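> Attaching a predicted model along with its sequence, questions to come.
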Amino acid sequence: MTLPLLAISLGCPAGIGPEVAVAGALTLSGARALLVGDPGVVERAASTLGADRPIALVSTRSELARAPRGSLAVLSRSARLAEPTPFGVPDAEAGRAQLAWIDQATELVTSGEADALVTGPVSKHAIATRRRKRGLIGIPPSSAPAGRPRLPRASRGGLG
């Protein structure tokens, strides 16, 4: 049986999002994790958690299957920050980054490359201020692509 693949976006690089995402990836059982975000942010989060694990940059499921056991798999085409974001200072670049990572993780799910999407905690303030300055490395400075597929709304079930 093939384990399901979870695309985990890192959340806000200035907050606890990356640590939550990395901790989730490290403790996951019954599925595989693919972190979506800047590899430097993943490395910093792992270090903060005291988890000395190698980073494996992967672009396909087959590369993920060949990643060293115990490594943290990171999507190789994840958007990169131009410079490290300081802890506790969410800014426009952090807002653009976390949205780019959510978009990239969503694309993995809608294309069938991943089975489910998990998002790390985000900073609504950083997201709201993201338009002040454009251009993450690897993400064109244009707005979101037109024709993005609409995802079905989750049912409220017993939560609402």
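Arrived safely. Being a predicted model, the structure only gives us computed values, none of them experimental. Numbering: from 1, shown residues only.
> From C12, how far off is A23?
Plainly put, A23 is 15 Å away from C12 if you go by Cβ to Cβ, to the nearest Å. All C-beta atoms are positioned from the backbone trio N, CA, C, and that covers glycine.
> Which one's more surrounded, the two?
Neighbour tally, A23 and C12, criterion other Cβ atoms under 10 Å: the higher count belongs to C12, 25 against 17.
> per-residue confidence for the more buried one?
Reading off the per-residue confidence, C12 sits at a pLDDT of 94.
> doesn't it fall inside a strand?
No: when classified by DSSP: H, G, I helix; E, B strand; the rest coil, C12 is found to be coil rather than part of a strand.
> hang on, it packs against G120?
Yes: between C12 and G120 there is a contact under Cβ atoms under 8 Å: 7.5 Å.
> Which neighbours do the two have in common?
Applying Cβ atoms under 8 Å, 6 or more residues apart in numbering, one finds that C12 and G120 are jointly contacted by Q98.
> wait, is L35 part of a strand?
Yes: under three-state DSSP, L35 sits within a strand.
> what ranges do the helices span in this structure?
Counting by DSSP state H, the chain forms helices over residues 17-27, 39-48, 61-66, 92-110, 124-128, given from the N-terminal end onward.
> Flag whichever of those helices has the least confidence on average.
Mean pLDDT across those is lowest at helix 124-128; the value there is a mean of 83.
> Remind me what that helix packs against, helices and strands.
In this structure, helix 124-128 packs against helix 92-110, with contacts taken as 3 or more Cβ pairs under 8 Å, 6 or more residues apart in numbering; DSSP states H and E.
> tell me how far the helix it packs on is from the chain's mean position?
Using Cα atoms, centre = their mean, to the nearest Å, the mean C-alpha position of helix 92-110 is found 7 Å from that of the whole chain.
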